[in-house]
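Novice: A predicted structure for the sequence below; I have some questions about it.
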Amino acid sequence: MTQAKHEPINLVLQMAEGLLPSVMRKVGLEDTPENRADALALALNAMPSKYITTGGGKSYTQFVENYRHQYETDILSNLTRAALKVKQSPRGEAREDAGDRA
């Protein structure tokens with residue numbers, strides 16, 4: 001008999017990862033791995049983590065739906081601010097500028 005894993009899941013991280021692509025499209029941020037990582041990191045640093053444990057399946061889905069309304073607005077707001085900040089100063093441009101100054 002196998003036992004279901006009950007590892008902690010960062011609910012805010014999972015929700016943010018799901019919402020990020022649409023936020024990037026809305027603000028016109030190019031969808032690159034660097035931009036995704038930078039925007040996600042900036043947004044997550046501005047929010048508290050929310051860890052849950054679950055066996056998965058139906059219980060996980062219910063838990064996510066219960067918290068979606070509570071966290072979604074904050075996550076969208078932080079993702080939007082972060083995406084705009086990354087758009088204003090993308091990592092690739094910063095590297096090019098730094099090379100020009102050397």
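Specialist: Everything's here; your move.
Novice: can you tell me the element the nearest residue to Thr53 once chain neighbours are set aside falls in?
Specialist: Excluding the flanking residues, the one nearest Thr53 by CB to CB, 6 or more residues apart in numbering is His6, at 4.8 Å. Every residue, glycine included, has its C-beta placed from N, CA and C. Under the criterion DSSP states H and E, no helix or strand holds His6.
Novice: mind checking how far His6 is from Ala46?
Specialist: With distances taken as CB to CB, to the nearest Å, His6 is found 29 Å from Ala46.
Novice: looking at those two, which one has more neighbours?
Specialist: Ala46 (14 against 11; other CB atoms under 10 Å).
Novice: give me the phi and psi angles of that one.
Specialist: When read as degrees, to the nearest 10, the backbone of Ala46 gives phi -90, psi 0.
Novice: same thing with Ile9?
Specialist: Note on Ile9: backbone dihedrals following degrees, to the nearest 10 are phi -120, psi 130.
Novice: please tell me how far it sits from Ser77.
Specialist: Using CB to CB, Ile9 is found at 22 Å from Ser77.
Novice: okay, these two: which has more neighbours?
Specialist: Ile9 (17 against 14).
Novice: specify the beta-bridge partners of that one.
Specialist: Taking DSSP bridges as the rule, Ile9 bridges to Ile52.
Novice: hmm, it is touching Thr53, no?
Specialist: Yes: Ile9 sits in contact with Thr53 when judged by CB atoms under 8 Å, with a separation of 7.2 Å.
Novice: return the set of buried residues in the longest helix seen in the chain.
Specialist: When the chain is parsed with DSSP state H, its longest helix is helix 57-88. Residues of helix 57-88 classed as buried: 60, 64, 71, 74-76, 78-83, 85-86 (neighbour count, 16 or more other CB atoms under 10 Å).
Novice: now render these as a markdown table, adding pLDDT and distance to Ala16.
Specialist: Shown next, in a markdown table, are the buried residues of helix 57-88 (pLDDT from 0 to 100; distance: CB to CB, whole Å):
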| residue | pLDDT | distance to Ala16 |
| --- | --- | --- |
| Tyr60 | 67 | 17 |
| Val64 | 73 | 13 |
| Tyr71 | 87 | 9 |
| Asp74 | 94 | 10 |
| Ile75 | 95 | 5 |
| Leu76 | 96 | 9 |
| Asn78 | 97 | 8 |
| Leu79 | 98 | 6 |
| Thr80 | 98 | 11 |
| Arg81 | 97 | 12 |
| Ala82 | 97 | 9 |
| Ala83 | 97 | 11 |
| Lys85 | 96 | 15 |
| Val86 | 97 | 14 |
